[in-house]
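1. Next comes the sequence, and after it the predicted model I'd like to discuss.
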Amino acid sequence: MNRRKLQSKFLSIIDRLEHFSKITNKKLNSNKLSNKIESLIKKRVDVYKILSSIKFKDKLKSVMNKKIDLPNYLTADNFFNGIRLLIKNKYEMTEKVEENKENLNRSKLKYDINIFSRILNRKVIITSISKINSLQYFFKDNFTKKLSHPLNLIKNIQINIPIGNKKIKVDKESYSIGVAIYSEHYLTLSKVILNKDNQVIFKGLIEVPVPGDVIGDRDVEDNDELSNILLDLFGLLKLDDSPLLVILSSSFFNVHTFYSSELKQISNTDLVVQSKSPYLPDDTFIEFLKLSKKGEEDKFIRTVYSNRKLIESWTNTLETLNIPIIGIVPSAPNVFDILKSKIKEETTVLIDIEVTKTIVMIGRNSYNLSSHNVPYGSSLYTSDINADLSNNYFNRILTSIELILSEYHERLPSYIYVYGKGLDNLVDKDIPLPSKFLRLSEMNLVDYLYDPKSMDMNESESKSIESTIVTLSLITSCL
């Protein structure tokens with residue numbers, strides 16, 4: 001009895017297992033799962049529009065409609081046949097498994113390629129390649145420009161870099177002079193020594209403010225008082241009988257260049273010459289300078305205009321000093337000539353920043369030079385509260401320079417060279433200027449030694465006088 005019950009129970013278990021196998025096989029091979037997925041996919045049609053074409057959706061439907069392939073021992077007619085197939089596969093699986101793996105990998109690769117090609121149709125691929133190529137050329141072109149720009153700059157600039165072992169020192173041929181520079185009610189007098197190599201050595205420097213009743217907006221109002229100031233400074237610096245060179249603010253002068261063929265005569269009475277003067281003919285002081293090379297028929301004539309009363313007020317003052325006078329010179333034209341001898345760009349722009357004005361010097365070659373006074377300087381852009389005002393100045397002056405160049409149908413050069421007392425007020429010497437601007441002090445145009453600690457006297461009212469030192473050294477080196 002027990003034996004029959006045990007046998008009956010065992011057969012019942014086998015029947016249940018066989019029934020379970022059939023139900024599982026039937027469920028797994030049905031399309032309910034694929035239909036469910038398909039219904040979910042239809043609800044997200046917007047995703048298909050983003051990711052692929054309509055063909056991709058059809059392909060996905062066909063994939064979902066496929067029956068899932070299961071091992072043969074799970075899809076056998078009955079449990080026992082399944083066991084037999086399982087045993088058979090177990091002992092004959094080595095070669096077939098490897099073959100099945102290879103076939104599976106091939107079919108998977110083929111399927112992936114097929115799906116990928118459906119997603120990225122031919123038009124999409126061509127468009128993508130075109131965009132990639134355009135971006136490639138864009139970045140390549142910009143990279144080339146970024147790389148070539150500094151290289152072109154190096155090519156166009158001849159920087160005078162002092163030799164490491166070459167010291168600036170006083171020699172037997174050295175001599176001392178006094179150099180005064182006046183700009184925006186500040187007078188700076190320096191004792192400098194020039195050696196045989198035209199290197200400049202600063203031995204003393206004093207900067208003092210000048211009252212408006214001594215020097216007005218332009219002219220010297222009190223000759224005697226200005227003479228006393230200069231003599232006092234001479235005594236403090238121990239200049240004795242050294243000659244004096246006076247450098248006046250660039251805003252006191254206007255520069256224009258003519259071809260000799262434009263003028264009937266090189267004279268201040270020539271009507272063409274007078275037409276470029278900002279002053280009346282009787283109030284104009286003019287200095288001419290021939291600049292063309294020998295043998296050239298049509299020569300360049302540089303003409304420097306100034307107010308006659310201004311020049312006479314300074315010459316009257318210097319006559320009372322009873323010391324040798326080298327002369328009175330403007331700042332910007334002389335600095336431009338030194339700069340132009342070191343760079344090769346066809347168009348050169350130099351700006352002298354003063355407190356209330358900016359002087360723009362534009363040279364189209366080594367000789368053709370013109371000046372333009374812009375009615376704003378550093379004073380509007382200097383504030384302890386807002387340190388970013390200097391950027392506003394440089395943006396504004398860049399726009400002004402572009403407008404001036406547009407009149408001559410010219411473009412901006414690689415750099416705009418900057419110097420002047422106003423520059424010291426705008427930006428600290430350790431802070432770099434905006435990308436389009438370059439300090440003259442960074443050009444190493446002349447060898448000079450300025451060491452306040454080793455000087456006999458160094459007194460200044462300004463926070464920084466770096467640009468003043470550069471101006472003094474550049475013009476002094478030309479003597």
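-> Noted; the coordinates are in hand.
2. secondary structure element for the residue nearest to residue 415 when sequence neighbours are not counted?
-> Distance criterion C-beta to C-beta, 6 or more residues apart in numbering; nearest residue to residue 415, sequence neighbours excluded, is residue 438 at 4.4 Å. Bear in mind the C-beta positions are built from the backbone N, C-alpha and C, glycine included. Taking DSSP states H and E as the criterion, residue 438 maps to strand 437-439.
3. And residue 471, by the same measure?
-> Short version: residue 471 belongs to helix 466-476, going by DSSP H and E.
4. any low-confidence regions in the protein?
-> 1-166, 292-296, 366, 383-388 (pLDDT under 70).
5. So what does residue 223 have for phi and psi?
-> phi -60, psi -40 (degrees, to the nearest 10).
6. who's in contact with it?
-> 313, 316, 317, 320 (C-beta atoms under 8 Å, 6 or more residues apart in numbering).
7. was I right about residue 233 contacting residue 206?
-> Yes - under the criterion of C-beta atoms under 8 Å, residue 233 makes contact with residue 206 at 5.4 Å.
8. Show me which of these two is the more surrounded one.
-> residue 233 (24 against 19; other C-beta atoms under 10 Å).
9. element containing the more buried one?
-> helix 223-237.
10. any residues touching the strand holding residue 438, and which ones?
-> Against strand 437-439 from outside (C-beta under 8 Å, 6+ apart): 394, 415, 416, 417, 418, 419, 423, 433.
11. Okay, now the sheet partners of it, with direction.
-> strand 416-419 (parallel) (DSSP bridges).
12. ok, then the element right after the partner strand?
-> helix 421-426.
13. now what about that following helix, what contacts it?
-> With C-beta under 8 Å, 6+ apart, helix 421-426 has contacts from 183-184, 186, 353-355, 358, 377-379, 381-382, 390, 393, 439, 462-468.
14. Just the CA trace of stretch 329-349, in CSV.
-> C-alpha atoms of stretch 329-349 as CSV (Å, rounded to 0.1, in the frame of the first residue of the first chain):
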residue,chain,number,x,y,z
VAL,A,329,61.1,119.0,-27.8
PRO,A,330,57.7,117.3,-28.0
SER,A,331,57.4,113.9,-26.5
ALA,A,332,55.3,111.7,-28.8
PRO,A,333,57.0,112.3,-32.2
ASN,A,334,60.4,111.5,-30.8
VAL,A,335,59.2,108.4,-29.0
PHE,A,336,57.5,107.3,-32.2
ASP,A,337,60.7,107.5,-34.2
ILE,A,338,62.5,105.3,-31.7
LEU,A,339,59.6,102.8,-31.6
LYS,A,340,59.3,102.7,-35.4
SER,A,341,63.0,101.8,-35.8
LYS,A,342,62.3,98.6,-33.9
ILE,A,343,59.1,97.3,-35.5
LYS,A,344,58.3,96.4,-39.1
GLU,A,345,54.5,96.7,-39.3
GLU,A,346,53.3,99.0,-42.0
THR,A,347,50.9,100.8,-39.7
THR,A,348,52.0,101.7,-36.2
VAL,A,349,49.8,103.3,-33.4
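15. Bridge partners for residue 193, pull those for me.
-> residue 176, residue 201.
16. now do residue 205
-> On the basis of DSSP bridges, residue 205 takes part in beta bridges with residue 190, residue 458.
17. do the same with residue 220
-> residue 215.
18. from memory it sits against residue 311, does it?
-> No - contact criterion C-beta under 8 Å: residue 220 and residue 311 do not qualify, at 10.2 Å.
19. Could you give the number of residues near residue 435?
-> Neighbour tally, residue 435, other C-beta under 10 Å: 9.
20. which is the next helix or strand following the helix holding residue 233?
-> Per DSSP H and E, the helix or strand that comes after helix 223-237 is strand 244-248.
21. quick one: that following strand to helix 466-476, angle?
-> 120 degrees (axes from the mean of the first three to the mean of the last three C-alpha atoms, to 10 degrees).
22. So what touches strand 244-248?
-> 177-183, 230, 234, 314, 318, 321, 323-331, 471-472, 475-476, 479.
23. could you flag which of those residues are buried?
-> With neighbours counted using 16 or more other C-beta atoms under 10 Å, the contacts of strand 244-248 contain these buried positions: 177-183, 230, 234, 314, 318, 323, 328-331, 471-472, 475-476.
24. Phi and psi next, for residue 414.
-> phi -60, psi -40.
25. now residue 274
-> phi -60, psi -30.
26. ditto for the one 5 residues further on
-> Residue 279 has phi and psi values of phi -120, psi 170 when expressed as degrees, to the nearest 10.
27. quick one on the thing from earlier: find the residues that touch each one of residue 233 and residue 206.
-> Between them, residue 233 and residue 206 share the contacting residues residue 189, judged by C-beta under 8 Å, 6+ apart.
28. Pull out the buried positions in stretch 225-240.
-> 225, 226, 227, 229, 230, 233, 234, 237, 239.
29. let me fix that: stretch 198-210
-> Buried residues in stretch 198-210 (16+ other C-beta under 10 Å): 199, 200, 201, 202, 203, 204, 205, 206, 207, 210.
30. what about the closest residue to residue 320 other than its chain neighbours, distance to residue 244?
-> Leaving out its chain neighbours, the residue that sits closest to residue 320 by C-beta to C-beta, 6+ apart is residue 227, at 4.6 Å. When distance is defined by C-beta to C-beta, to the nearest Å, residue 227 is 12 Å away from residue 244.
31. any common contacting residues for those two?
-> residue 321.
32. how far away is residue 463 from residue 210?
-> From residue 463 across to residue 210, the span is 18 Å (C-beta to C-beta).
33. coming back round to it: in strands only, show me the contacts of strand 244-248.
-> 177-183, 325-330 (DSSP state E).
34. now the residues you listed in a markdown table, with distance to residue 215?
-> Converted to a markdown table, these look like this (distance: C-beta to C-beta, whole Å):
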| residue | distance to residue 215 |
| --- | --- |
| 177 | 22 |
| 178 | 18 |
| 179 | 18 |
| 180 | 12 |
| 181 | 13 |
| 182 | 7 |
| 183 | 11 |
| 325 | 18 |
| 326 | 20 |
| 327 | 19 |
| 328 | 14 |
| 329 | 17 |
| 330 | 16 |
